[in-house]
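Peer 1: With the input below, show me the fold.
(chains A and B)
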Protein chains: 2
Amino acid sequence: MKFELTILGSSSATPIFNRNPTSQVLNINERLYMIDCAEGTQQQMLRYDVKGSRIDHIFISHLHGDHYLGLVGLLSSMHLNGRTKPLAIYGPPHLKEIIYLQLTYSETTLQYPMEFVSIDAEKATVILDNHDVTVETIPLFHGIPCTGFLFREKKRLRKLLKEKLERLKIPVEYFSALKKGADYTATDGTVLKNDTLTVDSDTPKSYAYCSDTMYNEAYFEQISNVTLLYHEATFLNNMLERAVETQHTTALQAGEIALKTNAKKLIIGHFSARYKTLSELLDEAKSVFPETELATEGKTFVI
Amino acid sequence: MKFELTILGSSSATPIFNRNPTSQVLNINERLYMIDCAEGTQQQMLRYDVKGSRIDHIFISHLHGDHYLGLVGLLSSMHLNGRTKPLAIYGPPHLKEIIYLQLTYSETTLQYPMEFVSIDAEKATVILDNHDVTVETIPLFHGIPCTGFLFREKKRLRKLLKEKLERLKIPVEYFSALKKGADYTATDGTVLKNDTLTVDSDTPKSYAYCSDTMYNEAYFEQISNVTLLYHEATFLNNMLERAVETQHTTALQAGEIALKTNAKKLIIGHFSARYKTLSELLDEAKSVFPETELATEGKTFVI
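Peer 2: Modelled structure (predicted):
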């Protein structure tokens, strides 16, 4: 099953040329899930060929502008482009008020149903559970209510050993039961054990998105053992004091978090505009967690 | 006196790659006046080297997102970048509510004084009058309250004929009075008429910004004889019906408006995303008003 993350923006609040504030798109089984939607996200979608019509769920972490100011424009464009299928938005309760105030004063009545799911930033909650994935909130520590999002792929059905099934002439109508783990009883009464006809599906993958937050072990257990961890790394560790003051994380801390939570891979982002190049941030995180990459614009990570 | 317009965005609501929705910056005597502030305006400012610290006045025409969704991000960046000098915002009354709602929920208390001037879209009103310029609103016709803005340069003082003044040994302390039009009386009682010592200053320039609106002669008299007219031209005239329906103007109509109002020069913008190239729009406007140019990203018009 496809499980791919594309980065649309990697910068923090003050603008910098050629970097965009935060937005990401997760492709799970060809359905797109948008995570944060900063100003300029629509231009980034055009740049990296991300179709708004394929997005059915948008998750907003918190109400700092660099994480949501592109949302109302995107909702409006979806409307102007003739969208009719539903869209679900998950975010802090006040986001609903912000959206509707702007739609009201522009006299826009969306042509598509929009469902708004209010997030309680205080406790981890499953906010979406569908055929492919569950999404739960990760309470973070950032001054104003802020959550990350943990995407856990659903365990798939067992995979059929097609050639063997053909050789044994097992009828197609049994395949569905086999995928679910049933043994096969032939017409002569012979029982073939399921694990001789199928193999287990891949281990479900997981993606934890942690932005913005200061270092706090409270969420470490929840995100432990993920396949891919995105963690903000706004500053180098020589600005730790500033990171604490503004409730952000340093690249060194991001590496430590990946190590302590046993992530398989770490990507870092939300870089301060003071860093014109990012290699020092990457090196710092890699010094504790070598499996680190920069979550920069246009990169796609196959999870 | 410098009077220069730089285009930051030329597109209408639905996004298109390499064009940005509406924003412009007018440089009058080295002070910057921003007109509309669509999403992505900050990136455009970085691209074309427009410093936010030089902008003291921002004018918002109406509350469709493609004219103001970049504003809260810009206000926030000015705050994060340490601005302390005042900023004035002129716009529809509800814009104030939209701004403060978003600042409130992001727990941002601006470090600089922000003055909000509510615009009554029903009648032309002078909303700014300073040493260099007056700005008046132009009531437009666009479904929701919408105004253009008419910038009129102030008449400058008379220019001294420096060489002649030196030759006649007229003391410097009289220069200020001469600039204001006074005659000069020498110590021997001889009166030298002012127009033998000075020349009139340049004719004041003017800039009318008309976006968004349907064709309506009601505002023609107000904008007559401007040095530069910006008029929206969302569609080609073969989409006149759609233009009327969405309360926009065609390129042909924009040309006619420039002709009827005796503009010295016309620039057109707010192009629909359906036009990948703009030459047809330009040709159409030029067919009635040859002195037309496209108001595309990064162009600067010296008025």
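Peer 1: start to end distance for stretch A:58-71?
Peer 2: 9 Å (C-alpha to C-alpha, to the nearest Å).
Peer 1: Report the buried residues of that stretch.
Peer 2: For stretch A:58-71, burial by neighbour count (16 or more other C-beta atoms under 10 Å in any protein chain shown) applies to A:58-71. C-beta here means a position set from N, CA and C on the backbone, and glycine is covered the same way.
Peer 1: Low-confidence ranges, the stretch 51-200 of chain A, go.
Peer 2: For the stretch 51-200 of chain A, no stretch has pLDDT under 70.
Peer 1: Let me know the pLDDT of A:P290.
Peer 2: pLDDT, A:P290: 98.
Peer 1: sec struct for it, please.
Peer 2: Applying DSSP: H, G, I helix; E, B strand; the rest coil to A:P290 yields a three-state assignment of coil.
Peer 1: ok, now A:D188?
Peer 2: Quick answer, by three-state DSSP: A:D188 is coil.
Peer 1: Could you do A:E166 as well?
Peer 2: helix.
Peer 1: that older thread, please render the buried residues of stretch A:58-71 as TSV that adds distance to chain B and secondary structure to the earlier fields.
Peer 2: Converted to TSV, these look like this (distance: C-beta to the nearest C-beta, whole Å; DSSP: H, G, I helix; E, B strand; the rest coil):
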residue	distance to chain B	secondary structure
A:I58	16	strand
A:F59	17	strand
A:I60	12	coil
A:S61	12	coil
A:H62	8	coil
A:L63	4	coil
A:H64	5	coil
A:G65	5	helix
A:D66	8	helix
A:H67	10	helix
A:Y68	9	coil
A:L69	5	coil
A:G70	6	coil
A:L71	9	helix
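Peer 1: list the buried ones in the longest helix seen in chain A?
Peer 2: Assignment by DSSP state H gives helix A:93-105 as the longest helix of chain A. Residues of helix A:93-105 classed as buried: A:H94, A:L95, A:I98, A:I99, A:L101, A:Q102, A:L103, A:Y105 (neighbour count, 16+ other C-beta under 10 Å).
Peer 1: Can you pull the phi and psi angles for the residue nearest to A:I223 when sequence neighbours are not counted?
Peer 2: Residue nearest to A:I223 in three dimensions, not counting chain neighbours: A:A208, with 4.2 Å by C-beta to C-beta, 6 or more residues apart in numbering or on different chains. Backbone torsions of A:A208, given as degrees, to the nearest 10, read phi -110, psi 130.
Peer 1: So what's the predicted local confidence for A:A208?
Peer 2: For A:A208, the pLDDT comes out at 98.
Peer 1: Tell me how far it lies from chain B.
Peer 2: Distance, A:A208 to chain B, by C-beta to the nearest C-beta, to the nearest Å: 24 Å.
Peer 1: Show me what that residue is bridged to.
Peer 2: A:L150, A:L229 (DSSP bridges).
Peer 1: Surely it touches A:L140?
Peer 2: No: shown here, A:A208 and A:L140 do not form a contact pair, counting by C-beta atoms under 8 Å, at 11.0 Å.
Peer 1: what sits against A:N18?
Peer 2: A:E297 (C-beta atoms under 8 Å, 6 or more residues apart in numbering or on different chains).
Peer 1: how near is it to A:G73?
Peer 2: A:N18 sits 21 Å away from A:G73, going by C-beta to C-beta, to the nearest Å.
Peer 1: next one: A:T41
Peer 2: Going from A:T41 to A:G73 by C-beta to C-beta gives 8 Å.
Peer 1: quick one, which of the two is more surrounded?
Peer 2: Each of A:T41 and A:G73 has its neighbours counted (other C-beta atoms under 10 Å in any protein chain shown); A:T41 has more, 31 against 27.
Peer 1: Give me the number of neighbouring residues for A:V191.
Peer 2: There are 9 residues near A:V191, going by other C-beta under 10 Å.
Peer 1: For chain A, what lies in contact range of chain B?
Peer 2: Chain A has residues A:13-17, A:20, A:39-40, A:42-43, A:45-47, A:63-66, A:69-70, A:72-73, A:76-77, A:80-81, A:92, A:94, A:97-98, A:101-102, A:105-107, A:143-144 near chain B, with proximity defined as C-beta under 8 Å from any C-beta of the partner chain.
Peer 1: could you redo the last one with a cut-off of 6 Å?
Peer 2: Within chain A, the positions near chain B by C-beta under 6 Å from any C-beta of the partner chain are A:13-15, A:17, A:39-40, A:42-43, A:46, A:63-65, A:69, A:72-73, A:76-77, A:80, A:94, A:98, A:101, A:105-107, A:144.
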